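> Sequence and predicted structure, then a few things I'm wondering about:
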Amino acid sequence: MINKECEIVRDLIPNYVEKTLSKVSNEFIETHVDNCKNCNKILKAIQKEKTQTENQEVIENNYEIDYLKKYNRKIKILKYIISIFIIVSIATGGTVLAKYIKIENDYNYNHNIITTVYQNLQELKQEENFSFIKKPSSVWTLSFYYKNGKYKLVSDLEKEKDAKDDWIDYGFVTENGYKYIQFYKLNDGRGVASNDMSADIRDREVSTICLEDFYNLGKIECASLEIRDDIYQEKECYVLRKNNENDDYEEIWVDKESMMILKENTKLFGKLTEERYSWSIGNITNEDIMIKDTTKRNDPVYDEILEKLLDEN
């Protein structure tokens, strides 16, 4: 039984060999195969096959090494094979085989997109300087800024033009979780709070609901996802859609270039909601996460956290 990391690495090895991954993904795979003999063998086998193919292509001088083109070529071969099997199935009653091949092909294509996006999101969490912003509605924005173990989390809910309910957390990660101080405004009243949590703040905030759901789909459900090409914010996107009962559905929109999620659309009980995402890497400054209120309050937990936040600020 291989572990989860081996499964992810083996899914991404073909992309690594074709040099279509990001620098962070390449480093992730290289670190893993250096310490995993089985995955190392698989990588070397695929690299050897690629070298043999390239030599043959140089002789033929009519084939470009490109992951998507290679995939399209395989699809054409599969369609040819499927056509042959369909003819045979008509004569022998073997329609089940043709259906199985289609399910397998659809699953591989959809699962490859979902897995790549999911892995990219996990890699973002490991960055030491990044932001991740969610906009679940037109009146609410949740912004997460992280740098070298410290973070700021801002919730901004605009109820009316002249009134806002909002809160800001300033915190830092610890060995077993994270600690934070919260300043909030609610119904025109203000307050402060502090807490010590046993979880990873990055796992909690750098996440999406639909993507998690799609990533955990079984083979049949994943293969049955509808997929189309579309444009969002002038970016070419894959759109994967899961149809539910009563015309309800879930969609994820994926930027083809970065292979990161841009938004999710959910229709539940006839009501459509849209959650948008944006992120950046390496642009967070000390000013972005610096705590503004440095007043001590004679609260041991609060004052301890405040001292840590002020340290090296």
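Happy to help now that I have it. Numbers count the residues shown, from 1 in each chain.
> Show me the shaky parts of the chain.
Along the chain, segments meeting pLDDT under 70 span 1-2, 55-72, 85-96, 158-165, 186-190, 312-313.
> show me where it has strands.
With strands called from DSSP state E, the chain shows them at 129-137, 140-147, 150-160, 163-173, 178-186, 189-197, 226-232, 235-243, 249-255, 261-268, 271-281.
> Hey, what's the angle from the last one to strand 129-137? Just curious.
If I follow you right, that is strand 271-281. 170 degrees (axes from the mean of the first three to the mean of the last three CA atoms, to 10 degrees).
> Could you name the helices and strands sitting against strand 271-281?
For strand 271-281, the elements it packs on are strand 129-137, strand 261-268, judged by 3 or more CB pairs under 8 Å, 6 or more residues apart in numbering; DSSP states H and E. (Glycine included, C-beta is placed from N, CA and C.)
> Each with direction, which strands does the shortest one pair with?
Looking at strand 261-268 with DSSP bridges, its partner strands are strand 249-255 (antiparallel), strand 271-281 (antiparallel).
> Including distance to Lys263 and mean neighbour count, could those strands go into CSV?
Below are the strands paired with strand 261-268 laid out as CSV (distance: least, CB to CB, whole Å; neighbours: other CB atoms under 10 Å):
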stretch, distance to Lys263, mean neighbour count
strand 249-255, 5, 21
strand 271-281, 5, 14
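> can you redo those as CSV with distance to Lys308?
Output for those, formatted as CSV (distance: least, CB to CB, whole Å):
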stretch, distance to Lys308
strand 249-255, 37
strand 271-281, 25
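> Quick one, which of these gets closest to Tyr170.
Taking CB to CB, strand 271-281 is the member of the strands paired with strand 261-268 nearest to Tyr170, at 19.6 Å.
> residues in contact with the closest one?
Here strand 271-281 makes contact (CB atoms under 8 Å, 6 or more residues apart in numbering) with 124, 127, 129-137, 208-209, 260-267.
> Show me how the chain divides into domains.
4-125, 128-313 (automatic domain parsing).
> what's the closest of the strands paired with strand 261-268 to Ser22?
strand 271-281 (10.1 Å).
> where's that closest one relative to the chain centroid, distance-wise?
12 Å (CA atoms, centre = their mean, to the nearest Å).
> Now restrict the contacts of strand 271-281 to buried residues only.
124, 127, 130-135, 208, 261-267 (16 or more other CB atoms under 10 Å).
> what's the closest of the residues you listed to Met197?
Using CB to CB, these come closest to Met197 at Phe132, 18.0 Å.
> The closest one reaches Phe144, doesn't it?
Yes - using CB atoms under 8 Å, Phe132 is in contact with Phe144, at 4.8 Å.
> joint contacts of these two?
Glu205, Val206.
> Kindly provide the distance from Lys44 to Glu30.
Going from Lys44 to Glu30 by CB to CB, to the nearest Å gives 13 Å.
> Glu245: which of the helices and strands packed on strand 271-281 is closest?
Judged by CB to CB, the one of the helices and strands packed on strand 271-281 that comes nearest to Glu245 is strand 261-268, at 10.5 Å.
> what's the angle between that closest one and strand 226-232?
120 degrees.
> Please save the CA atoms from strand 261-268 in CSV.
Extracted C-alpha coordinates of strand 261-268, given in CSV (Å, rounded to 0.1, in the frame of the first residue of the first chain):
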residue,chain,number,x,y,z
ILE,A,261,-8.7,27.8,-8.7
LEU,A,262,-10.3,31.2,-9.5
LYS,A,263,-13.8,30.7,-8.3
GLU,A,264,-16.5,28.2,-7.3
ASN,A,265,-20.2,28.4,-8.2
THR,A,266,-22.8,26.6,-6.2
LYS,A,267,-26.5,26.3,-6.8
LEU,A,268,-28.3,24.9,-3.8
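> gap between it and the chain center?
14 Å.
> which residues sit against it?
For strand 261-268, using CB under 8 Å, 6+ apart, the contacting residues are 117, 121, 208-211, 232-233, 235, 237, 247-255, 272-277.
> quick check: angle from it to strand 235-243?
Going by the same axes, to 10 degrees, strand 261-268 makes 30 degrees with strand 235-243.
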